[in-house]
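>>> curious how this folds, go ahead:
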Amino acid sequence: MDSVALLHMLAQQWPENAKYPLTVLHINHQIHPDASSWQKHCAQLAKHYQFAYCSAAVTLDGTSNLEAKAREARYEAMFAMMQPDSVLLLGQHGDDQAETFMLNLKRGSGTLGLSGMSRWQPLVNGQTLFRPLLSLRQTQINDYANTVLSPTDWINDPSNTDTRFDRNFLRHAIIPSLVQRWPQWTDKVVDSMQVLQQERSLLDEVVQERLLDCMCMPTVTSSIARTLHLTRLASYSDAWQTAILRAYIHTITQLPMSQAQTDALWDVIHAQSSAQGKLTIHTSQHGQLHFMRYDQQLWCVSQHSLDKARAQYHAMLDTPSASPTSTVSPVALTYKIKPQGERHHKPIKQWYKLWLIPPWLRTYTLIIREHNVDSALWCDAHLYPLLKE
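Next comes the predicted model:
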């Protein structure tokens, strides 16, 4: 109902021949037996309002953590259908905001999570989220829908009453008791979240300055973002380090860190070996992101980049050579080579340390030979010419 009410509001105001046309997006989670008929209903709704319509089906793996998986898959599918400069309008409202507060409180989130959803939320790829109903309560939207819409205009998903899901449990079992005791409870929570947002914006100005001081450019192209220099990070107090880490993760993932994730990240940073430890975070935009430590830096590496490196490695091995005198073969990291411009032979792993090639890419190492003589070292689609001796 919330999304259909928003669509009706937009239809009353959207100008004809708008420079930016409005498109109705629908995601078919393929969970409920009536999912196909719901998809047809949404298509007919868009046609009724004379808006463009796009739909995508998503497949969820397993039944555990279904609520989070559905949310991630839904956003990922919507972002994929949007242009880079698009704005995604969502029907989330004040009651959703209060539920988000409770969920993040349960997760042990800091001020970023407890301040909840922003009305405008710029994303890293140029897309933007806009929540125009965030200042409204559910009862106001109900009144609007029951006044100007027909009950057949929207569909009630029966899973919205399933209290096995955390948000539904709060919505149906916990929050009503709080509101019964304190009728203004939701309004006061939303007010407090707005205060937190204002206070966090002031803190963010300082945190962003200190975050930039700790950032450094990566030495290879496999990281989706700049790395964090741990020596510079250590120059700040523990409290500032935690704030900088949270800001770093949020800049990349657009997600607030829980206390458990913060603790896991500290374990990665303080691991005895620079190559030990990994924190994996799932995002709607980037899929899996891995945070790992190497060479006194905290790296953010996407699973997509690792899959790409593996695919390129196997493609190099499987592609027939253009020359009968040229061969490509795997080689151990203890194999000695002499790159052009260097004076001595050293094991590949020593050159990798000098070149700051991170351990997670060293697996994909090949030697290219011409007439059985080493001519180049290949790693992660980069060629390093070797002296032909």
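>>> any low-confidence regions in this structure?
Across the chain, the ranges flagged by pLDDT under 70 are 63, 124, 217-225, 272-276, 388-389.
>>> right, and the helix or strand after whichever helix in it runs longest?
Assignment by DSSP state H gives helix 185-214 as the longest helix of the chain. Sequence-wise, the next helix or strand downstream of helix 185-214 (DSSP states H and E) is strand 215-216.
>>> what's next to that next one, contact-wise?
Applying CB atoms under 8 Å, 6 or more residues apart in numbering, the contact partners of strand 215-216 are 226-229, 248, 297. C-betas here are computed from N, CA, C, even on glycine.
>>> now tell me what touches the host helix or strand of Asp263 from outside.
According to DSSP H and E, Asp263 maps onto helix 259-269. With contact meaning CB under 8 Å, 6+ apart, helix 259-269 is reached by 107-110, 230, 242, 245-246, 249, 257, 276-279, 281, 291-293, 298.
>>> distance between it and the chain's centre?
Centroid separation for helix 259-269 versus its chain: 18 Å, with CA atoms, centre = their mean, to the nearest Å.
>>> tell me the domain boundaries of the protein?
Domain assignment for the chain, taken from automatic domain parsing, gives 2-186, 193-304, 320-385.
>>> mind checking the ones you listed for the one nearest to His314?
Within those, the stretch nearest His314 is domain 320-385; the backing value is 9.0 Å (CB to CB).
>>> please compute how far the closest one lies from its chain's middle.
The answer for domain 320-385 is 34 Å, by CA atoms, centre = their mean.
>>> state the distance from the residue nearest the centre of the chain to Phe101.
For the chain, the residue nearest the mean C-alpha position is Thr283 (2.7 Å; CA atoms, centre = their mean). Relative to Phe101, Thr283 is positioned 21 Å away (criterion: CB to CB, to the nearest Å).
>>> picking up where we left off before, just the buried members of the contacts of helix 259-269?
Buried members of these, scored by 16 or more other CB atoms under 10 Å, are 107, 109-110, 230, 242, 245-246, 249, 257, 277-279, 281, 291-293, 298.
>>> restricted to strands, list the contacts of helix 259-269.
279, 281, 291-293, 298 (DSSP state E).
>>> farthest-separated two in those residues?
Maximum distance among those (CB to CB): 15.2 Å, for Ile281 and Arg293.
>>> now, of the domains of the chain, which is deepest in the fold?
Highest mean neighbour count among the domains of the chain (mean count of other CB atoms under 10 Å): domain 193-304, with a mean of 17.
>>> now the end-to-end length of that domain.
Using CA to CA, to the nearest Å, the end-to-end distance of domain 193-304 comes to 35 Å.
>>> now do it: distance to the chain's middle.
On CA atoms, centre = their mean, the centre of domain 193-304 falls 13 Å from that of its chain.
>>> for stretch 144-158, same thing?
32 Å.
>>> span of it from start to end?
End to end - CA to CA - stretch 144-158 spans 22 Å.
>>> contacts for that stretch?
Applying CB under 8 Å, 6+ apart, the contact partners of stretch 144-158 are 1, 3-5, 8-9, 32, 38, 41, 45.
>>> out of these, who's nearest Arg310?
Taking these together and measuring to Arg310 by CB to CB, the closest member is His32, at 36.2 Å.
>>> quick one: Asp162 and Arg171 touch, right?
No - Asp162 is beyond contact range of Arg171, at 10.6 Å (criterion: CB atoms under 8 Å).
>>> tell me the contacts of the closest residue to Val179 other than its chain neighbours?
In this structure, Val179 finds its nearest non-sequential neighbour in Trp185, 5.0 Å apart by CB to CB, 6 or more residues apart in numbering. Under the criterion of CB under 8 Å, 6+ apart, the neighbours of Trp185 are 98, 175, 178-179.
>>> tabulate these (TSV), appending secondary structure.
Output for these, formatted as TSV (DSSP: H, G, I helix; E, B strand; the rest coil):
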residue	secondary structure
Ala98	helix
Ile175	helix
Leu178	helix
Val179	helix
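>>> residue ranges for the helices of the stretch 101-250 of the chain, please.
For the stretch 101-250 of the chain, applying DSSP state H, counting those that start in this stretch gives helices covering 111-114, 138-148, 166-169, 175-181, 185-214, 230-233, 238-253.
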